[in-house]
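>>> model this:
(one chain, ligands or ions: 1)
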Amino acid sequence: MSFENYYRDSIAEIDLTAIAYNIQQLKEHLKQGTEVCAVVKADAYGHGDVQVARAALKAGAKSLAVALLDEALKLRNAGIKAPILVMGWTRPKDAVVAAEYNIALTVFQKEWLMEAANLSFKETLKFHLKIDTGMGRLGVRSIDEMEEILAVLRKDPKFKLEALFTHFATADEEDRGYFDKQQTRWNEMFSYFKRNWAEDIEVHTSNSATSMQVPERMDHFVRYGISMYGLYPSSYVKKRKPIDLKPAFSLTSRLVHIKKMNAGESISYGAVYKTETEEWIGTIPLGYADGWIRKMQGMDVLIDGKRHPIVGRICMDQFMIRLDQEYPIGTKVTLIGKQGDQEISADDVAEHLDTINYEIPCMISQRVPRVFQEGGRTVEVRNSLL
Ligand SMILES: *Cc1c(COP(=O)(O)O)cnc(C)c1O
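As a prediction, this is how the structure comes out:
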């Protein structure tokens, strides 16, 4: 069977030119020699992992980072050869697969290394040692813990320590207090390491926020996530605007039905919305199964460059809006993105949901086709259904 790319008019448009622009902007901001590692975990924050990874590498990123070994293997399967780091914890027994596909793992437990040491490897296992300087998530927390790991490594040549890294918890905030504490902790751990490890290794300590806020402190490379997608990591950083960014994600649909309703008629489950006067009501074929969750009730969409409110409860596959006038079936609806001088940004949606912008593209489900664009032209479509 062969199909068209998709049979529904609700799509996420991914502007790969914006991804390249956002990488370029950061590179100009960093000191010379600091490279960009493109963070493409969680399906590239919902944008489309393989396509974003390729675009980022073409735009000058030197390596990729993901959260899971499965995500890394998907990129290898797609023929991507660049260095890949798995930033989360991997089961020791899966280290063999990682080594086979030249994927670097994150390691910080002595027991992990001892268990992996019993496996038979054909290739050396590359890994990055994680230091927990105050995030409280993953990593060694003391010099003693680090020394125990170094002791195992000195005896076992099948492990190759490539880098040391840490993650900051508050780099997107105005107050530098906690950030500086983490930095001090990092300096202590790193200087111990340098005195006790003969080989040169790489260092990476920054995400988007850190790399934009303190670019002068950067190391070999930065782990660039949210801002590569054109979003600022917090409202504080957005206000400071250390670099210019272009959002890469937009979500659009089309009107599939429209009707004039009389005053006092109800809309959607629970009949919680009642028309006050005669109202034009439109139906949009996108719902909570697409990630446009029920809490989006009350938000606006853009039609004809104007805002129109979502009315009534959002259903699994559809929701309704109140229109200011009659529009033809097929009229374009923008849920995230621009129309004329109006914009509904991922930040606006995040504010409505009382969450952070990171969550917004991630929550748009696989049922929504990703349509990739370069220079305003569609270059590829990914439909997970067909
Ligand atoms: C997700 C992640 C990043 C990217 O963070 P952004 O804020 O999106 O730039 C960097 N490092 C680690 C360890 C992460 O988990």
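>>> which residue does this protein bring closest to the ligand?
Going by C-beta to the nearest ligand atom, the ligand is nearest to Gly225 of the chain, at 2.3 Å. The C-beta positions use only the backbone N, C-alpha and C, and glycine is treated the same way.
>>> how many neighbouring residues does the closest residue to that residue other than its chain neighbours have?
Ranked by C-beta to C-beta, 6 or more residues apart in numbering and with sequence neighbours excluded, the top spatial neighbour of Gly225 is Val39, at 3.7 Å. Counted with other C-beta atoms under 10 Å, the neighbours of Val39 add up to 27.
>>> got the CA coordinates for stretch 241-250 in PDB?
Only the C-alpha atoms of stretch 241-250 are listed here, as PDB (Å, rounded to 0.1, in the frame of the first residue of the first chain):
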ATOM      1  CA  LYS A 241      17.400  38.100  25.800                       C
ATOM      2  CA  PRO A 242      21.100  37.300  25.700                       C
ATOM      3  CA  ILE A 243      20.700  36.000  22.100                       C
ATOM      4  CA  ASP A 244      17.900  36.200  19.500                       C
ATOM      5  CA  LEU A 245      15.900  33.000  19.000                       C
ATOM      6  CA  LYS A 246      13.300  31.900  16.500                       C
ATOM      7  CA  PRO A 247      10.700  29.300  17.600                       C
ATOM      8  CA  ALA A 248      10.800  26.200  15.400                       C
ATOM      9  CA  PHE A 249       7.500  24.600  16.400                       C
ATOM     10  CA  SER A 250       4.000  25.600  15.200                       C
END
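>>> how far away is the residue of the chain closest to the ligand from Lys238?
Distance of Gly225 to Lys238, computed by C-beta to C-beta, to the nearest Å: 15 Å.
>>> ok so, going back, surely the residue nearest to Gly225 meets Val222?
No - assessed by C-beta atoms under 8 Å, Val39 is found out of contact with Val222, at 9.6 Å.
>>> anything in contact with each of these two?
Asn207 (C-beta atoms under 8 Å, 6 or more residues apart in numbering).
>>> sorry, back to before: ok, now which ones touch the residue of the chain closest to the ligand?
Contacts of Gly225 (C-beta under 8 Å, 6+ apart): 39, 41, 45, 207-208.
>>> contact residues of this protein facing the ligand?
39, 41, 87, 167, 207-209, 223-226, 233 (C-beta under 6 Å from any ligand atom).
>>> what bridges to the residue nearest to Gly225?
Per DSSP bridges, the residues bridged to Val39 are Ala65.
>>> same question, Glu202
Glu202 has the following beta-bridge partners by DSSP bridges: Ala163.
>>> tell me, how many residues neighbour it?
So Glu202, with other C-beta under 10 Å, has 15 neighbours.
>>> ok, and what's touching the longest helix seen in the chain?
Longest helix in the chain by number of residues (criterion: DSSP state H): helix 177-196. Applying C-beta under 8 Å, 6+ apart, the external contacts of helix 177-196 come out as 131, 133-135, 140, 143, 146-147, 150, 164, 166, 168-171, 173, 203, 205, 217.
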